[in-house]
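Enquirer: Sequence and computational prediction follow.
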Amino acid sequence: MTTSSISTSNSASVESSASEASARRMTRLSQVFLLTAAVLLLVSISQPYWGLILHAPQYPGGLQMRVFVNQMTGDADPRLDEVREIDTLNHYIGMKSLYDAAQLEQAIAIPAVILMAGALVVAAVLWQRRLIWLLTLPALGFSFIFLADLAFWMTYYGQNLDPEAPLSSAIHPFTPPILGEGVIGQFRTVAYVDTGWFIVTAGAGLIAVTLVVRLLRNRASKG
């Protein structure tokens, strides 16, 4: 074997070792991202995903409702059940009760989030398996599924008003916005995504980065 061939062989060996080390680092980083996303999912349970402030003439300071994955609450003022107050105002324009909305979703939300977090942990541990990335998809889209489900219920409630309600003649069916400002008769609403939604979306961002890295690595290895 010539000196040139030995040098070429050593160079190839070094490049191969460097490539393997880089692959191991990327795998570890992907695992960290997935585990972090799992933690963020679990943390998001304790935070509201969405909020609504309703301004009405009799409530100059507005009424606030916060929506978690499994419940609705008002603000921290224990003297006023703001969700019930908003529900009462909605009754006058013919809306169904807020307490009847998304009952199935609220019932399964906590177990579903825990399962998604568990799936991310499994994916992190077995990340080099061929189809294991499929386990990350529910968590990847969860924040947008939440908003889509919310939009469905808002539309359903706004488009199915009770024609016998006290103010039915003044309010026509409408689609309440899930983000931004809306006007319903003499009421004005401000809707926004809240802390929990941003937390779970940050986790989705980590998952997306991990999937892109996996895709690029697979393409590089095939090339």
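Expert: In hand now; what should we look at?
Enquirer: So which helix or strand of the protein has the lowest pLDDT on average?
Expert: helix 3-44 (a mean of 76; mean pLDDT, DSSP states H and E).
Enquirer: quick one, what contacts the residue nearest in space to the middle of the chain?
Expert: Most central in the chain under C-alpha atoms, centre = their mean is residue 143, positioned 1.6 Å from the mean C-alpha point. By C-beta atoms under 8 Å, 6 or more residues apart in numbering, the contact list for residue 143 reads 49, 197, 200, 201, 204. Every C-beta, even on glycine, is put in place using the N, C-alpha and C of the backbone.
Enquirer: Okay, and the fourth one sits in which element?
Expert: Here residue 201, judged by DSSP states H and E, is contained in helix 195-222.
Enquirer: Give the other helices and strands that that helix contacts.
Expert: helix 3-44, helix 137-159 (3 or more C-beta pairs under 8 Å, 6 or more residues apart in numbering; DSSP states H and E).
Enquirer: returning to that earlier point: in CSV: the contacts of residue 143, plus distance to residue 67 and pLDDT.
Expert: Below are those laid out as CSV (distance: C-beta to C-beta, whole Å; pLDDT from 0 to 100):
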residue, distance to residue 67, pLDDT
49, 6, 97
197, 10, 98
200, 13, 98
201, 15, 98
204, 19, 98
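Enquirer: Out of those, who's the most crowded?
Expert: residue 200 (27 neighbours; other C-beta atoms under 10 Å).
Enquirer: Neighbours of residue 38, how many?
Expert: With other C-beta under 10 Å as criterion, residue 38 counts 25.
Enquirer: So residue 57 sits against residue 186, correct?
Expert: Yes - Residue 57 is within contact range of residue 186, at 6.2 Å (criterion: C-beta atoms under 8 Å).
Enquirer: neighbour count winner among those two?
Expert: Between residue 57 and residue 186, residue 186 has the larger neighbour count (other C-beta under 10 Å), namely 14 against 7.
Enquirer: Output the below-cut-off pLDDT ranges for this protein.
Expert: Across the chain, residues meeting the criterion (pLDDT under 70) sit at 1-19, 75-80, 223.
Enquirer: Could you point out the longest strand of it?
Expert: Determined from DSSP state E, the single longest strand within the chain is strand 59-67.
Enquirer: tell me which residues in that one are buried?
Expert: By neighbour count on 16 or more other C-beta atoms under 10 Å, the buried set for strand 59-67 is 59, 63, 64, 65, 66, 67.
Enquirer: thinking again about what came up before, tell me which of the helices and strands packed on helix 195-222 approaches residue 88 most closely.
Expert: helix 137-159 (14.6 Å; C-beta to C-beta).
Enquirer: quick one on the thing from earlier: how far off centre is whichever helix or strand comes after the longest strand of the chain?
Expert: Downstream of strand 59-67, the first helix or strand assigned by DSSP H and E is strand 72-73. In terms of C-alpha atoms, centre = their mean, to the nearest Å, the centre of strand 72-73 is set 17 Å apart from its chain centre.
Enquirer: And for stretch 192-210?
Expert: On C-alpha atoms, centre = their mean, the centre of stretch 192-210 falls 6 Å from the chain's centre.
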